[in-house]
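**Q** Got a sequence here, can you model it:
(chains A and B)
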Amino acid sequence: MQRSTKISSSTIRLNQPDSNQAEVSLFGPGVGECIVLHIGEGKWFIIDSCRCPKTKQPIALSYLNSMGVNVAESVVGILLTHWHKDHIDGAFDLFTSCKNASLYFSHALNSREMFHMCALHKKDVFANTDKEIREFKSIIDSIFNSGEKGRLIPVSANHVFFDYRDSAQSTVNTKMVALTPSPVSTTEAIAQLADQISQAGPSNPKLRKNVIGKENINAVAIWFGFGNWSALLGSDLEMSTDDDKSWKSIFKSQIYQKLSLSKSSLYKVAHHGSSNGHHNDIYTRLLSNNPTSIATAYTPSNLPKRSDIDRIKSHCSELTVTRDINSNTKLKLDPMVERELKAIAKSRTVLNEKIGHIQIRITDQGTVTSEASESCVYY
Amino acid sequence: MPEQAISLSFEQVIHGHSSLIEGQPWGLLNSEKQTEKSAFPYAHNPQTKFFDLSLTETGTSHAHTPNKRFKNQSTIPVELKDYTEDLKQIWDGTVISFNEDTIKIRLEDKITLENPETIVDLSIDEVSSQDRPLIKEGAMLFWYIGYREGNKHPRERFSKICFRRRLGWTDKEIEDANTIAKEYENFFINNSSQPA
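**A** Numbers count the residues shown, from 1 in each chain, chains lettered A, B, ... in the order given. Here you go, the predicted structure:
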């Protein structure tokens, strides 16, 4: 079993990186994930969104504001890798604050079926349900009303977000590419949406959950290169038995060879380190020897599990997780409620009490420095 | 506000239209907090005995549909209770998973809003037999813990889990949504220049 070291004090730097530096900042509160990228020259790119448990603000905004970044000008893109609440919470606030940013999401969501789903919730004015669909719908409505449809960019495998190689826009070769979703995954996701709509009717009660079940197969995995250094950001991409979907579609399509993508030395572990997101070929074909791995926890499923940590560590030099999977916090409850809960509940787990932050900065010479906040655990 | 009236509304919500108070501020069911926020539908009229259908999600939206089960809602009888309930805790819950013995629920605290969300495993016995058919992944519920007391009732602790009975969409709602989806489609996919 791997030994863990809890980070005792935060070493996160709150100065803006230099223009010739890149940054990968990973945030994870236990439920939720967000990556903030500095892509050089003062430009920022945000991947997914989650909220700070205390302030309820999108964590990316809080972080960038704390560094004095003008988010309205400097954030050039927001990518929602897939449509799960732990990856899109606060996306609408992000979108409205980052006025210069394009919004990228899986091609499946730019479909008639998804729009129908959004429209179904149009009159659902109640605050506490259907959060996933309403977050997305708020963005759709905002664009629909403003007419700025150019800000919405559907993404599928091979999509190049930016390519500043030999460009006047950057002194460092910088590029970002979507590795998934494959056309088959997109088609399947649209079919699932259609299926969900077909089930809507008087005989089926509305549920809180309005997310298609296999959305992780449709997640957008990213390759981000800065000079000779690169990172593989695995989102929640899970394995599929089908060669034309998920990780296997990356291997089959040979996108790395076609787009001359280098093996990465940093891996944001897919799907919170679960065995469902693992494939040995990720480490042998997409990553360099002994890469550094970073991951977010997912407390409802106790991810990553001990066995996951052992497995990941066997493939990489170090692993840092944004939250200790064994930690638990006491809630502020009335003593009577506490007693009652103790008597009734078989088990209980507190989510989202502290947000973990892993900050990695890379110079144009390829020097990598890594920092972490107190909630993180190093293996 | 007299606690009796508050208790009445509470019972209505649970047994009649559990979806009614969805989206309303919580922690209002004891008299102290009631005065702080008046957005609770009954705060304006403590004598309210029937639901104001304009506040329900089904009351108006289904009015023009052929679905007969939405009619006559205004005549729902109200059972008078001679006890009051002092609620110490309200959670808004969602079923994450379940098996024949256990139900896993994600809870949002509606009294202490800054409390983080919690996941609990409960025995299925905690759910009333009436509500058990409603257990489904994604199903919504309220969980109340508090004291109950009245002239003929000794003070006692109670824990009440109530599944919400949210109705499905009507045919008309689905049809309307389809029309809106066409507008979205024309704008986002078919390149029509500006929304109508």
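
**Q** I'd say residue A:23 and residue A:359 touch.
**A** Yes - counting by Cβ atoms under 8 Å, residue A:23 does reach residue A:359; the two are 6.7 Å apart. Just so you know, the C-beta spots here come from the backbone N, C-alpha and C atoms, and that holds for glycine as well.

**Q** what about stretch A:355-362, distance to the chain center?
**A** In terms of Cα atoms, centre = their mean, to the nearest Å, the centre of stretch A:355-362 is found 14 Å from the chain centre.

**Q** swap in stretch A:98-105?
**A** Computed by Cα atoms, centre = their mean, the chain-centroid distance of stretch A:98-105 equals 15 Å.

**Q** which residues sit in contact with residue 150?
**A** Unless you meant another one, I'm taking chain A. The neighbours of residue A:150, taking Cβ atoms under 8 Å, 6 or more residues apart in numbering or on different chains as the test, are residue A:102.

**Q** other chain: chain B
**A** Residue B:150 makes contact with B:81-84 under the criterion Cβ under 8 Å, 6+ apart.

**Q** Likewise for residue A:277?
**A** With contact set as Cβ under 8 Å, 6+ apart, residue A:277 has these partners: A:216, A:234, A:236-239, A:269-271.

**Q** Show me what counts as buried in stretch B:125-139.
**A** Neighbour counts using 16 or more other Cβ atoms under 10 Å in any protein chain shown place B:126-127, B:131, B:134, B:138-139 of stretch B:125-139 among the buried residues.

**Q** quick one: which helix or strand includes the closest residue to residue A:99 other than its chain neighbours?
**A** Spatially, and ignoring its direct neighbours in sequence, residue A:99 is nearest to residue A:72 (4.6 Å; Cβ to Cβ, 6 or more residues apart in numbering or on different chains). Taking DSSP states H and E as the definition, residue A:72 sits inside helix A:71-74.

**Q** Give me the helices and strands touching that helix, please.
**A** Here helix A:71-74 touches strand A:43-47, helix A:59-66, going by 3 or more Cβ pairs under 8 Å, 6 or more residues apart in numbering or on different chains; DSSP states H and E.

**Q** thinking again about what came up before, out of the contacts of residue B:150, which sit inside helices?
**A** Residues of the contacts of residue B:150 located in helices (DSSP state H): none.

**Q** The buried residues of stretch B:125-139 also near chain A: which ones?
**A** Under the cut-off given by Cβ under 8 Å from any Cβ of the partner chain, chain A has B:126, B:134, B:138-139 from these close to it.

**Q** need the residues you listed in CSV with secondary structure, can you?
**A** CSV is the format used below for those (DSSP: H, G, I helix; E, B strand; the rest coil):
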residue, secondary structure
B:126, helix
B:134, helix
B:138, coil
B:139, coil
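
**Q** And the residues you listed, which two are furthest apart?
**A** Largest separation among these by Cβ to Cβ: B:126 and B:138, giving 18.9 Å.

**Q** Who are the contact partners of residue 141?
**A** Picking chain A for this. Going by Cβ under 8 Å, 6+ apart, residue A:141 touches residue A:118.

**Q** let's do chain B instead
**A** Applying Cβ under 8 Å, 6+ apart, we find residue B:141 in contact with B:92-95, B:105, B:131, B:161-164.

**Q** Surely it is in a strand?
**A** Yes - the secondary structure assignment for residue B:141 places it in a strand, going by three-state DSSP.

**Q** OK, now which residue of chain B is nearest to chain A?
**A** Nearest residue of chain B to chain A: residue B:138, at 3.1 Å (Cβ to the nearest Cβ).

**Q** Relative to residue A:152, how far out is that residue?
**A** Applying Cβ to Cβ, to the nearest Å, the value for residue B:138 to residue A:152 is 28 Å.

**Q** cool, residue A:277 as well?
**A** Distance, residue A:277 to residue A:152, using Cβ to Cβ: 28 Å.

**Q** same thing with residue B:174?
**A** 25 Å.

**Q** now residue A:317
**A** Using Cβ to Cβ, one gets 39 Å for the distance from residue A:317 to residue A:152.

**Q** which of these two has more neighbours?
**A** Looking at residue A:317 and residue A:152 with other Cβ atoms under 10 Å in any protein chain shown, you find the greater number of neighbours at residue A:152, namely 18 against 11.

**Q** which residues touch that one?
**A** Contacts here follow Cβ under 8 Å, 6+ apart; on that basis residue A:152 touches A:102-103, A:105, A:110, A:143, B:188.

**Q** rerun that using 7 Å as the cut-off
**A** Residues touching residue A:152, when contacts are defined by Cβ atoms under 7 Å, 6 or more residues apart in numbering or on different chains, comprise A:103, A:143, B:188.

**Q** could those go into TSV alongside secondary structure, distance to residue A:302 and neighbour count?
**A** What follows is the contacts of residue A:152, written out as TSV (DSSP: H, G, I helix; E, B strand; the rest coil; distance: Cβ to Cβ, whole Å; neighbours: other Cβ atoms under 10 Å in any protein chain shown):
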residue	secondary structure	distance to residue A:302	neighbour count
A:103	strand	32	22
A:143	helix	38	20
B:188	helix	39	21
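
**Q** Go through those residues and name the one nearest residue A:203.
**A** Closest to residue A:203 out of the contacts of residue A:152 is residue B:188 (30.8 Å), distances taken as Cβ to Cβ.

**Q** just checking, that closest one touches residue A:149?
**A** Yes - in this structure, residue B:188 sits in contact with residue A:149. The criterion is Cβ atoms under 7 Å, and the distance is 6.0 Å.
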